[in-house]
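**Student:** Structure, please.
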Amino acid sequence: MFLCEKEEIYINNLENTKENVKENVNDNVKAKENPKNNQRIKKNNIVRKVMVKNNNMRENEPNKKLEDLKPLKKDTLKIIPLGGLQEIGKNMTVFEYDDEIIIIDCGLAFPEDDMLGIDLVIPDITYLTKNKEKIKAMIITHGHEDHIGAIPYVLRQINVPIYATQLTLGLIENKLDEHKLLKTTKLKCVKAGTSLNIGKFKLDFIRVSHSIADSIAIAIHTPVGVVVHTGDFKVDYTPIDKDIIDLAKFAELGKEGVKLLMSDSTNSEREGYTMSEKSVGKVLDGIFNNCMKRIIVATFASNVHRVQQIINSSERNGRKVAIVGRSMINVINVASKLGYLNVNEGTIIDVDEVNKYPDQQLTIITTGSQGETMSALYRMAMGDHRKIEITTNDLIVISASPIPGNEKSLSKVIDELYKRGADVIYHSLADIHVSGHACQEEQKLILSLVKPKYFMPVHGEFRHLQKHAEIAKSVGIEPNNIFTLTNGRVLEIDQKGAKVVGTVPAGKVMVDGLGVGDVGNVVLRDRQHLSQDGLLVVVITIDSASGQVVAGPDIISRGFVYVKESETLMDDIKKLLKNELKELETKKVKDWITIKSDIRDKLKDYLYTHTKRNPMILPIIMEV
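**Tutor:** Just a heads-up that it's a prediction; the model follows:
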């Protein structure tokens, strides 16, 4: 049981008083037995009176009401994932010690197939808004959308300083500028290899390799121990920017002692090692050499290293480069401005100038490597792009692998490109893409260097987390010390151990247009219903005085049947409803709710019997 401070003072005073009385009695007995003890006894009594007076002063200290005093708590670190577990994307983790919170990453996820009309999905930050006074900082590991995409939406509710590396900050600035939040947000640049104190947290920023430059892992030093968060990483010994992952720092932390390792699980099902980004450059050179066609390369906009290699191959073969796609243009502008892209003067041209050069002297770098419906490559494939038209003299290189869930849309784009006579090279035909995430042997390497007491796999679907947990067991991590959590579960660590202690809200907040969180399961269910069976609207006009039907019922069908080809069905529906309304008039039913409910039920049964369909039925009653 935890005692409040005032309760402890009272108990201590009571015990001290009893002890003082007992000692006074003993001293008086000794004084009678030996008069020489009188001087020592007087001194002891003075000391006791001072101690009692001091305790009474503490007890009566002003403004120390019992209800104002908080229970004495043990030192604990809470780790709360709000996104990124048992899903791809939406990465966000809260670290809370005492009355201070820091946040690692703030990403979005793309909508699933059943989220009709939804643009983006972001984490539920209910817990953070309730504890906003505790939040000291947000630290971002790298500039991918699944780590920075939700920042503008979160900052509208919680305005905190953001710490990130130079390129990551550049991408965040663009995003905040679009949302008109740049002037009100504090952005602070950090570098790999440096440290930073934020309240009771000390952070070490560790260089890692990934499919975007300037990626970092973070070592979080707390009073209860060190937590290492790898962010997204792979081990690349020959990176394009020559900044090799800092394995020495991971080893140093492991030697000093690490309480918990949180590590990227995305590729935990893949054996061996992830190929170096440089290997893609050799394949690209082979494609570009002696090619007499116009080359269009689609890749992830954020993959600055891939873009650099495409530009390098183009320059070696005397090609000009045009950039297409809003996100691609933004990233290349930021990367060039900050020195992360090296491009010869005159290499990059405006897309409006492509018709001035022969095909064999042109490269077009575009977005759309995942078959996204609004992307530049998709519009080219469908013949809808205003400036680029696909011809038989085009070679399309899709330098990416489909993210799970995007296979169908990407296949559709590839088919449409072939129909237009273009040649297409994609992941199944050539090694024109490598992952930015660690495979099993690299995951084992980090586990072996860091040597954590506890392990928590992050960033991946359930099967990825489970496989990573098995990998941790294989290198000697105790099974009881591995925590495979879900979003919202709270992992509490103290000097004695680690345990899961509860949950906080951690659902999905859907963004639809300008609306954030105003579309929930009910709205999605209605959208799914409409998409599957359509809508039938029944319009009836009733006399307000008599309650008699003066017009209708009129039937409006949307997505249910084509009315002109289903006139018999429409007439039968009208007869059914007229008979039902007459019956309600006979019963003198005038309550709108009852009338609507009766119409809906009768029509629903009739339609299912005759069509085996279940459209959404919307009765509308107008009074005159």
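
**Student:** where do the helices sit along the stretch 1-150 of the chain?
**Tutor:** 5-33, 38-59, 126-130, 145-148 (DSSP state H, counting those that start in this stretch).

**Student:** how far does the next helix or strand after the shortest one sit from the chain's center?
**Tutor:** I take that to be helix 145-148. Tracing the chain C-terminally past helix 145-148 and defining elements by DSSP states H and E, one meets helix 151-155 next. Distance of helix 151-155 from its chain centroid, counting by CA atoms, centre = their mean, to the nearest Å, is 12 Å.

**Student:** where do the strands sit along the stretch 301-450 of the chain?
**Tutor:** 320-324, 348-349, 362-366, 394-398, 423-425 (DSSP state E, counting those that start in this stretch).

**Student:** so the closest residue to Val224 other than its chain neighbours bridges to which residues?
**Tutor:** Nearest non-adjacent residue to Val224, counting by CB to CB, 6 or more residues apart in numbering: Leu77, 4.9 Å away. Quick note: C-beta positions are derived from backbone N, CA and C, even for glycine. Going by DSSP bridges, Leu77 is paired in beta bridges with Tyr97, Ile493.

**Student:** List the contacts of Leu77.
**Tutor:** By CB atoms under 8 Å, 6 or more residues apart in numbering, the contact list for Leu77 reads 95-97, 222-225, 227, 492-494.

**Student:** List phi and psi for the residue nearest the centre of the chain.
**Tutor:** With distances taken as CA atoms, centre = their mean, the residue of the chain nearest its centroid is Lys90 (1.5 Å). When read as degrees, to the nearest 10, the backbone of Lys90 gives phi 60, psi 40.

**Student:** In contact with it: list those residues for me.
**Tutor:** 83-84, 107-109, 121-123, 146, 150, 508.

**Student:** Of these - the most surrounded one?
**Tutor:** For the contacts of Lys90, the largest neighbour count, defined by other CB atoms under 10 Å, is 32 neighbours, found at Pro123.

**Student:** Nearest residue to that residue in space, please, no chain neighbours.
**Tutor:** In space, Pro123 is closest to Gly83, 4.0 Å off (CB to CB, 6+ apart).

**Student:** which stretches of the chain have low pLDDT?
**Tutor:** 1-74, 513-515, 517-520, 544-547, 590 (pLDDT under 70).

**Student:** now with 50?
**Tutor:** Scanning the chain for pLDDT under 50 picks out 1-23, 25, 27-33, 35-37, 40-43, 46-73.

**Student:** For Gln360, which non-adjacent residue is closest in space?
**Tutor:** Met292 is the one closest to Gln360 (CB to CB, 6+ apart), at 4.6 Å.

**Student:** Tell me, how many residues neighbour the one you found?
**Tutor:** 9.

**Student:** Over to Leu341?
**Tutor:** Neighbours of Leu341 (other CB under 10 Å): 19.

**Student:** Quick one: residues contacting the closest residue to it other than its chain neighbours.
**Tutor:** The spatial neighbour of Leu341 that comes closest, neighbours along the chain excluded (CB to CB, 6+ apart), is Ala335 at 4.4 Å. If you count contacts by CB under 8 Å, 6+ apart, Ala335 has them with 167, 170, 213, 304, 307, 341.

**Student:** Now stretch 171-183 - C-alpha only, CSV.
**Tutor:** The C-alpha trace of stretch 171-183 is given here as CSV (Å, rounded to 0.1, in the frame of the first residue of the first chain):
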residue,chain,number,x,y,z
LEU,A,171,10.2,17.2,-45.9
ILE,A,172,8.3,18.0,-42.7
GLU,A,173,8.6,21.8,-43.5
ASN,A,174,6.9,21.2,-46.9
LYS,A,175,4.1,19.3,-45.3
LEU,A,176,3.6,22.0,-42.6
ASP,A,177,3.7,24.8,-45.2
GLU,A,178,0.8,23.1,-47.1
HIS,A,179,-1.2,23.0,-43.9
LYS,A,180,-0.3,26.5,-42.9
LEU,A,181,1.4,25.3,-39.7
LEU,A,182,5.0,26.1,-40.4
LYS,A,183,5.1,29.5,-38.6
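
**Student:** In terms of helix, strand or coil, where does Met570 fall?
**Tutor:** helix (DSSP: H, G, I helix; E, B strand; the rest coil).

**Student:** Nice, that's everything, thank you.
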